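Chemist: Got a sequence here, can you model it:
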Amino acid sequence: MRKQEVTIYDVAREAKVSMATVSRVVNGNTNVRKDTHDRVMKVINRLHYQPNAVAQGLASKRTTTVGLIVPDLTNLYFAELSKGIDDIALLYKYNIIITSIENRLMKEDQAIQSLLNKQVDGVIYMSNRLPQEAVDAFKRTDTPVVLAGTKDNHTEFPSVTIDYQKADTEALNLLYNDGKKNLALVVGDPKAVVNADHRIPAYQKFMADHNLGEGHVYTNIKDHADGYNLYSQLMKDGIDGVIVTRDITAVGILNSATDAGKKVPDELEIVTASATKIASVVRPALTAIKQPLYDMGAVAMRMLTKLMANEELPETQIELPYELLKKQSTLNQ
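Modeler: All right, here's what the predicted structure looks like:
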């Protein structure tokens, strides 16, 4: 037979104190006499009492739970972001609920509302795309929201990112200085804020500033197969240098080039924009824009803890430093 769950009432009865006193001891309230505190703790340890987090949340109107909205659970980019979030959440004793919106059956606002209905104390939104339906859903609630790895051009929500325009321009300069002139940009969702308002404009400006024509922006290239199949089109268009926003897509292009006997980096240079582990384990290793993903997640979670404590943020739009790691897929290493 399953052992009956020990309740706060059982502890109070055994320790001969009120349930309020047990609650104060469990929550670290110092307004309890030492002998009373010690007596309650002995009973808690003897009965193996585990406080009910949900019940505590109902009493305090806090659930000590944070919601993460992730577009793709298999993407190492979001996995590394989440690690930073999780470590800080653990430090501040918050639990995490993850909601994936990659292949959602519901609309985005419905998915967000489903998460908010779980009474989370705060939300970290990690999708590269911030549609108006998501903005509207967040604005209908008092729940604090922080963006990690994506931007809000209207600055309605705090965010932690890098300077995507500066990073991509530096990568384009690397390719250009290596003698590559027919440069391309490969992105996933062209409507994603980071792509539509930062990466694509940076690419177009660079091409115009260097009199390289309109160039080629390939969109909706999201996985290894997409990258592998795109390679033939890159060759038809005479591309000799490419920046790819997803590591797995860059690997697809690299593998297709290798299978076709194309020399990387002599005939085709590749730069990827995330520098997850996959970029370093392939051969040739990929030159990459290294985003401080763990730190971005950690800073986003710390910002959220402040908002959940009703503290004012000294800075709401944070850009962390990035690094251009020169590896084997470009000539200049």
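
Chemist: all contacts plus neighbour counts: C-alpha atoms, from now on.
Modeler: Fine.

Chemist: Low-confidence bits of the stretch 1-150 of the chain, can you list those?
Modeler: Within the stretch 1-150 of the chain, the segments meeting pLDDT under 70 span 1-5, 27-30, 50-63, 102-107.

Chemist: Now do stretch 186-199: distance from first to last residue.
Modeler: Length of stretch 186-199, first residue to last, CA to CA, to the nearest Å: 10 Å.

Chemist: ditto for stretch 145-153
Modeler: Stretch 145-153: ends 15 Å apart by CA to CA.

Chemist: for stretch 216-228, same thing?
Modeler: Using CA to CA, the two ends of stretch 216-228 sit 17 Å apart.

Chemist: Residue 26 versus residue 38, what's the distance?
Modeler: Per CA to CA, residue 38 is found 12 Å from residue 26.

Chemist: so the residue lying closest to residue 264 once chain neighbours are set aside, which of the three states?
Modeler: Once flanking residues are discounted, residue 264 sits nearest to residue 329: 5.9 Å by CA to CA, 6 or more residues apart in numbering. The local conformation at residue 329, judged by DSSP: H, G, I helix; E, B strand; the rest coil, is coil.

Chemist: ok, now which ones touch residue 329?
Modeler: 264, 265, 269, 270, 271, 284, 285, 286, 287 (CA atoms under 8 Å, 6 or more residues apart in numbering).

Chemist: And for the last one, the neighbour number?
Modeler: Neighbouring residues of residue 287 were enumerated by other CA atoms under 10 Å; the total is 27.

Chemist: Specify the beta-bridge partners of it.
Modeler: residue 271 (DSSP bridges).

Chemist: what residues are up against it?
Modeler: With CA under 8 Å, 6+ apart, residue 287 has these contacts: 270, 271, 272, 279, 324, 325, 326, 327, 328, 329, 330.

Chemist: ditto for the second one
Modeler: Counting by CA under 8 Å, 6+ apart, residue 265 touches 328, 329, 330, 331.

Chemist: mind running it again at 6 Å?
Modeler: Neighbouring residues of residue 265 by CA atoms under 6 Å, 6 or more residues apart in numbering: 329, 330, 331.

Chemist: thought the second one was touching residue 268?
Modeler: No. Look at residue 330 against residue 268 with CA atoms under 6 Å: they stay out of range, at 8.2 Å.

Chemist: What ranges does the chain have for its helices?
Modeler: 8-15, 19-26, 34-47, 53-60, 76-91, 108-116, 132-139, 164-177, 193-194, 200-209, 224-236, 247-259, 277-281, 293-308 (DSSP state H).

Chemist: Arrange those helices in TSV, one row each, with distance to residue 100 and mean neighbour count as further columns.
Modeler: Shown next, in TSV, are those (distance: least, CA to CA, whole Å; neighbours: other CA atoms under 10 Å):
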stretch	distance to residue 100	mean neighbour count
helix 8-15	35	17
helix 19-26	34	17
helix 34-47	38	15
helix 53-60	23	13
helix 76-91	11	19
helix 108-116	9	18
helix 132-139	14	15
helix 164-177	24	19
helix 193-194	19	22
helix 200-209	26	17
helix 224-236	20	17
helix 247-259	19	22
helix 277-281	22	15
helix 293-308	17	23
